[in-house]
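**Student:** Any chance you can model this:
(2 chains)
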Amino acid sequence: MDTMRDRFAPVALRLLDEDPRVAVVLAEIGAAGFVEARRRHPDRVINVGIREQLLIGAASGLALTGMRPIVHTFASFLVERPFEQVKLDLGHQGVGAVLVSAAASFDWPAGGYTHMAPGDVALLDTLDGWTVHVPGHPDEAETLLRHAVAAGDDKVYVRLSVQSNAQALPVDGARFHTVREGRSGVVVAVGPMLDAVLDATTGLDVTVLYAATVRPFDAAALRRATATAGADIVLVEPYLAGTSTAVANDALADVPHRVLGLGVGRRELRRYGTVEEHVAAHGLDARSLRERISGFMTGTRMPVRA
Amino acid sequence: MIVCMTITEQHERTYGYADLPRLMALMTGDEKHSPAATSTLDVLWVLHDRVLRIGPERLEDPERDRFLLSKGHGPMAYYAVLAAKGFVPVDWLPGFGAYDSPLGHHPDRMLVPGVEIGSGSLGHGLPIGVGTALGLRAQGLHEPRVWVLIGDAELDEGSNHEAIAFAGPAGLERLHTVVIDNASASHARPGGIAARFEAAGWSTVTVDGRDHEALYAAFTAPHPGRPHAVVAQVEPKSE
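**Tutor:** Below you'll find the predicted structure:
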């Protein structure tokens, strides 16, 4: 199967063809996919070189002239390295952009910690007004990319990953999707975590919600789910564990509830290897998830994980 | 609403260079950046009086020039010039820095008509200027010029060097930078500022930052195919 990132350049090219406001800004990474796009739109496909502060600053300038920049590189270099530019050149200037990241939390484990960005969504959470899409399948990525570019002058983050579910679900760029209904707890699976969550909860009497858009957080869907399934909530996110715990708590502020935030641990593993090995090391494989989810739902004390 | 008010009020009288000290004096309070505020005064005036094709009547005009004050510290001279040119009412000036004033110690484009970027954190203006020049070019707007004002110590920020190194080879001839050199960088070499731009393929001129005719000539010097940097030297910052 092709990856979300394989879809990115072709979708961006169609958007460039369709909408004269669209520009793509790159910092070398991914530029090979944009050769044809650059030939067709030389002034709207811009590679600034390995300069990530300029990457975001230039996107800001483009937006100030009325354009809709799509900005792409690895998540660590798109959000973390130029974070002040994201904060000031976009937010403070009152302009928007679509930031499309690749490599996610550990898409390239052999590349080591320098190319891992489990904290990207948590960082964006310190800022106002960001929409965050976390597609779980290449088809969803395509839909959400289009959604992001069409979202006026909004600030939108699209988090692409090689981690993927086997099947795409219909996504609308806003709402959670109810995948399974139960009576003893709610599990929210974000993006590529869905397949593992469905495996992990087989036979458990829980509701499973699927979130491909996490900001804004679909508080209404979570509240609706708790009406029949109760207010024991497990969040399973493919980035830093607990990133959405606060928004889930806020969604349920007026009802007694419990929330467990599962995701990538803070501790630097200092391991290379494969995606599967890192998924397991962070306790995000189906077997570990089942143990942690059922332990939480039944009130069993769980082992502390990385 | 703000725009309309600005236009109607400013037509009551016109202000010249000689009025700027009085306008700046209206901005009382514990302004900490007075030397920086005046180091930019002559450059700001010559640009706004004779070079930039902007005005309060064309705030949204796509064909206007863009002036980006990157060195947002000490904006009193900038606000004085904006008031003199009718972008903001003179009666805004005494509120400088107050909670309900749009005029802060660093400018905010969302609050002040005519201010193209909010600044304050150093090193943001030139990369945004690069994007502005690219955006204008991509839309076939070949007339507007982009001017970014930075300080010599602001050049310490590496983000500027990302922009300088890109803009030269990219041939962004609508991009202009004026560096106010008041020798405030702790680590600098004489001539180093112009050399840095030249090494990246920019056209450069170094002039007396208090000489209006020299500034005007530097600002309007032709520089086909290349971005242009003017180093405006003023008296060294006193501690």
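**Student:** CA atoms for contacts and neighbours, from now on please.
**Tutor:** Will do.
**Student:** and A:L284, what does it touch?
**Tutor:** Contact analysis of A:L284 by C-alpha atoms under 8 Å, 6 or more residues apart in numbering or on different chains lists A:196, A:262-264.
**Student:** now do 7 Å
**Tutor:** By C-alpha atoms under 7 Å, 6 or more residues apart in numbering or on different chains, the contact set of A:L284 is A:G263.
**Student:** Quickly find the element holding it.
**Tutor:** Following DSSP states H and E, there is no helix or strand that holds A:L284.
**Student:** where's the residue of chain B found nearest chain A relative to A:G273, distance?
**Tutor:** Closest to chain A within chain B is B:G131: 3.6 Å, counting by C-alpha to the nearest C-alpha. According to C-alpha to C-alpha, to the nearest Å, B:G131 and A:G273 sit 39 Å apart.
**Student:** Get me the contact residues on chain B for chain A.
**Tutor:** Residues of chain B lying close to chain A by C-alpha under 7 Å from any C-alpha of the partner chain are B:109, B:117-118, B:124, B:127-132, B:134-136, B:138, B:159, B:162-163, B:166.
**Student:** if we can go back for a sec, quick one: secondary structure of the residue of chain B closest to chain A?
**Tutor:** helix (DSSP: H, G, I helix; E, B strand; the rest coil).
**Student:** you'd agree it is up against A:L55?
**Tutor:** No - B:G131 is beyond contact range of A:L55, at 8.8 Å (criterion: C-alpha atoms under 7 Å).
**Student:** Go ahead and confirm A:Y272 touches A:D107.
**Tutor:** No - under the criterion of C-alpha under 7 Å, A:Y272 makes no contact with A:D107, lying 10.9 Å away.
**Student:** list the contacts for the residue of chain B closest to chain A?
**Tutor:** B:G131 touches A:57-62, counting by C-alpha under 7 Å, 6+ apart.
**Student:** what's the burial count for the residue of the stretch 201-306 of chain A at minimum distance from chain B?
**Tutor:** Nearest residue of the stretch 201-306 of chain A to chain B, counting by C-alpha to the nearest C-alpha: A:P216, 24.0 Å away. Using other C-alpha atoms under 10 Å in any protein chain shown, A:P216 is surrounded by 15 other residues.
**Student:** and it, what does it touch?
**Tutor:** A:T131.
**Student:** Between A:Y272 and A:D107, point out the one with more neighbours.
**Tutor:** A:D107 (21 against 15).
**Student:** where's that one, which helix or strand?
**Tutor:** Using DSSP H and E, no helix or strand contains A:D107.
**Student:** I'd say it and A:L160 touch.
**Tutor:** No - at 9.7 Å, A:D107 does not count as touching A:L160 under the criterion of C-alpha under 7 Å.
**Student:** domain ranges for chain A?
**Tutor:** Annotated domains of chain A cover A:4-159, A:177-298 [automatic domain parsing].
**Student:** Any buried residues in the host helix or strand of A:A220, and which?
**Tutor:** Element membership for A:A220 (DSSP H and E) is helix A:219-229. Of all the residues in helix A:219-229, those buried under the rule 16 or more other C-alpha atoms under 10 Å in any protein chain shown are A:219, A:222-223, A:225-226, A:228-229.
**Student:** Just put these in TSV and tack on distance to chain B.
**Tutor:** Formatted as TSV, these follow (distance: C-alpha to the nearest C-alpha, whole Å):
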residue	distance to chain B
A:A219	31
A:L222	36
A:R223	37
A:A225	41
A:T226	41
A:T228	46
A:A229	46
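**Student:** Let me know which of the domains of chain A is the nearest to B:L68.
**Tutor:** For those, distance to B:L68 was read as C-alpha to C-alpha. The smallest value, 10.4 Å, belongs to domain A:4-159.
**Student:** now the closest one: how far from the chain's centre is it?
**Tutor:** In this view, domain A:4-159 has its centroid 12 Å away from the chain centroid, taken as C-alpha atoms, centre = their mean, to the nearest Å.
**Student:** now do the same end-to-end measure for that domain.
**Tutor:** Domain A:4-159: ends 9 Å apart by C-alpha to C-alpha.
**Student:** report the longest strand in chain A, please.
**Tutor:** strand A:232-240 (DSSP state E).
**Student:** What parts of chain A come near chain B?
**Tutor:** A:43-44, A:48, A:51, A:53-54, A:57-62, A:64-65, A:67, A:93.
**Student:** who wins for proximity to B:R189 among the domains of chain A?
**Tutor:** Per C-alpha to C-alpha, nearest to B:R189 of those: domain A:4-159, 24.9 Å.
**Student:** Quick one: mean pLDDT for the closest one?
**Tutor:** In this model, domain A:4-159 has an average pLDDT of 98.
**Student:** for stretch A:201-221, same thing?
**Tutor:** Computed over stretch A:201-221, the average pLDDT equals 98.
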